[in-house]
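Trainee: Can you look at this prediction? I've put the sequence above it.
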Amino acid sequence: MEKGITSRAEDFSQWYNDIVMRAELADYSPVKGCMVIRPYGYAIWENIQRLLDKRIKDAGHQNAYFPLFIPESFLRKEADHVEGFAPECAVVTHGGGKKLEENLYVRPTSETIMYAMYAKWIRSWRDLPMLINQWANVVRWEMRTRLFLRTTEFLWQEGHTAHATAEEAEEETLKMLGIYKEFAENVLAIPVYDGVKSDAEKFAGALRTYTIEAMMQDRKALQLGTSHSLGQNFAKAFDVKFQSKEGTLEYVWQTSWGVSTRLIGAVVMAHGDDKGLILPPRVAPIGVVIVPIFKDEASRAKVLAVAKQCKEAIGDAATVHIDDREQYTPGWKFNDWELKGVPLRMEIGPRDVEKQQVVLVRRDEGKKEIVAQSAMKGRVLELLDETQRGLFERCKKFRDDNTLDVDDLREFAAKMESPGIFARSHWCGSADCEAAVKDQTKATIRCIPFGSNEEKGKCILCGKESNRRVIFARSY
RNA sequence: CGGGGCGUAGCGCAGCCCGGUUAGCGCACCUGGCUUGGGACCAGGGGGUCGGCGGUUCAAAUCCGCCCGCCCCGACCA
């Protein structure tokens, strides 16, 4: 393995690519714009899936699977939707050597194919709410791709629900956004701003789009997840109706929400350092790596025996890996596991065997700590916990320190350029002002945040009355 | 699609300007030895359509033309 990763300060984009490739999360594929998720990266995704899937199911949803192909006519049924997605779709025109009667679109998202089925399945208010989630791949023919952040094909989950009332659908939309926020903060250790998107940024076909937005270490924003209040737009397009208790025929109110493999990119850019990845313990494929150190066959046997005892003692409380590769020196392994972002390293050498102790080193802080073997398990779990919390706190402080109230456009533009910020600024609500700000500063409205107090002010661009601040940033 | 850069061993590169031994170096890989508390060392070894096609020439990685691919920067986006 080659030494040296581009530093974040030197070139953040290059650093990101170096980490993803060198930590063996993903690799470029023979297909342009597509990536191969390698075993170590996929293990992170599996952890994300497992932990998020539990939350989705606990909230009452069931998993199902719908087809990859969508008839062209389905996509065309909702005007905004087709306008938003059709240009970036892959289209199948031939099958079995023959031209198809109707083109099939490879799903860019599954609203249309799913709601065509909902129309069959929903008859009565008793069938509601319908709460279905799907784990799937989708394809969007993006111009420029970046590993995990934007690839032609990506993996995600998409939840799609149907409700009897607007209120219930709205409640569901916000509930799922809340689950995403809790997941991002407690599992990925990434603090997020939650709020609503401006009309310009909302999902094609939605009434409203809610979002969680995080700050990466280059101070750019990354949208981690969205939850859409679809209203009755799709219900009307797909004729999804139910008979109410009162006997009337009503269109359902719908929601959809999703997060993708982009979350892995977020973890890299939120926590990593110049040595490599730093994984939050809750999603790390390996929580603790034991590096044995020995001089000869005799010490080797003793050290490995103690390593195995430690692994067994920890049991299911954390995932432990013993790195007993013989062709590498301990120093090489230290660097390798730091690159891979394993949150906690345990060193065991002849001295430690002698004194019945182990050496523990947190990945994020790098300080060595000697612990008696008798106290090892408790301390390991404590340190994993502290790492999980520490990563969140560090990330939150960075974000908060770089989130500023800005009321002057010149200052706004200057700070967007360098060092880059989340600007809390007033906005009059007009799409023209929003577009002009983007044009002049490359910053977009990430969200109109929840929980911000009403406050009189003047639009950052036009100076007209505004009654709240919104968050502007440059984004991925 | 516009701008920039790059294609030589698995990876990173030198050689090209100024054509001429057997195409070279570092890392990785294989064998053996010796080592292991922050990226060890020694010896031996395997691996190449020099991105592709065509042209110039006695002779092309090197000069010329066309094509292809990839990466980075913009417009579009989870």
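Mentor: In hand now; what should we look at?

Trainee: How many neighbouring residues does A:Val192 have?
Mentor: Using other CB atoms under 10 Å, A:Val192 has 26 other residues around it. For glycine as for every other residue, the C-beta is placed from the backbone atoms N, C-alpha and C.

Trainee: any idea how far it lies from A:Glu338?
Mentor: Separation of A:Val192 from A:Glu338 (CB to CB, to the nearest Å) stands at 27 Å.

Trainee: got a list of what the residue lying closest to A:Arg150 once chain neighbours are set aside touches?
Mentor: Distances taken as CB to CB, 6 or more residues apart in numbering place A:Glu142 nearest to A:Arg150, at 5.4 Å, with adjacent residues excluded. By CB atoms under 8 Å, 6 or more residues apart in numbering, the contact set of A:Glu142 is A:33, A:88, A:150-152.

Trainee: State the pLDDT value of A:Glu2.
Mentor: Reading off the confidence values, A:Glu2 has pLDDT 43.

Trainee: just to revisit the earlier point, can you pull the phi/psi pair for the residue nearest to A:Arg150?
Mentor: phi -80, psi 150 (degrees, to the nearest 10).

Trainee: what do you get for A:Ala23?
Mentor: According to degrees, to the nearest 10, A:Ala23 has phi -80, psi 0.

Trainee: Would you mind giving me the confidence score for A:Tyr42?
Mentor: 95.

Trainee: what about it, neighbour count?
Mentor: What A:Tyr42 shows, counting by other CB under 10 Å, is a neighbour count of 18.

Trainee: I'd like the distance between it and A:Phe450.
Mentor: 34 Å.

Trainee: how about the nearest residue to A:Met216, chain neighbours excluded?
Mentor: A:Met269 (4.0 Å).

Trainee: and the one you found, what helix or strand is that in?
Mentor: helix A:262-271 (DSSP states H and E).

Trainee: and that helix, what other elements does it pack with?
Mentor: Identification of packing neighbours for helix A:262-271 by 3 or more CB pairs under 8 Å, 6 or more residues apart in numbering; DSSP states H and E yields helix A:12-22, helix A:39-58, strand A:208-215, strand A:221-231, helix A:376-401.

Trainee: I'd like the mean pLDDT over the fourth one, please.
Mentor: When the per-residue pLDDT values of strand A:221-231 are averaged, the result is 96.

Trainee: what's the angle between that strand and helix A:376-401?
Mentor: 80 degrees (axes from the mean of the first three to the mean of the last three CA atoms, to 10 degrees).

Trainee: give me the number of residues near A:Arg123?
Mentor: 12.

Trainee: Oh, that last question was meant for A:Asn453, not what I typed.
Mentor: With other CB under 10 Å as criterion, A:Asn453 counts 7.

Trainee: Report the secondary structure state of it.
Mentor: coil (DSSP: H, G, I helix; E, B strand; the rest coil).

Trainee: can you confirm A:His94 is in a strand?
Mentor: Yes - counting by three-state DSSP, A:His94 is part of a strand.

Trainee: Is it bridged to anything, and to what?
Mentor: A:Lys99 (DSSP bridges).

Trainee: Touching, it and A:Leu100? I think so.
Mentor: Yes - A:His94 is in contact with A:Leu100 according to CB atoms under 8 Å; the separation is 6.4 Å.
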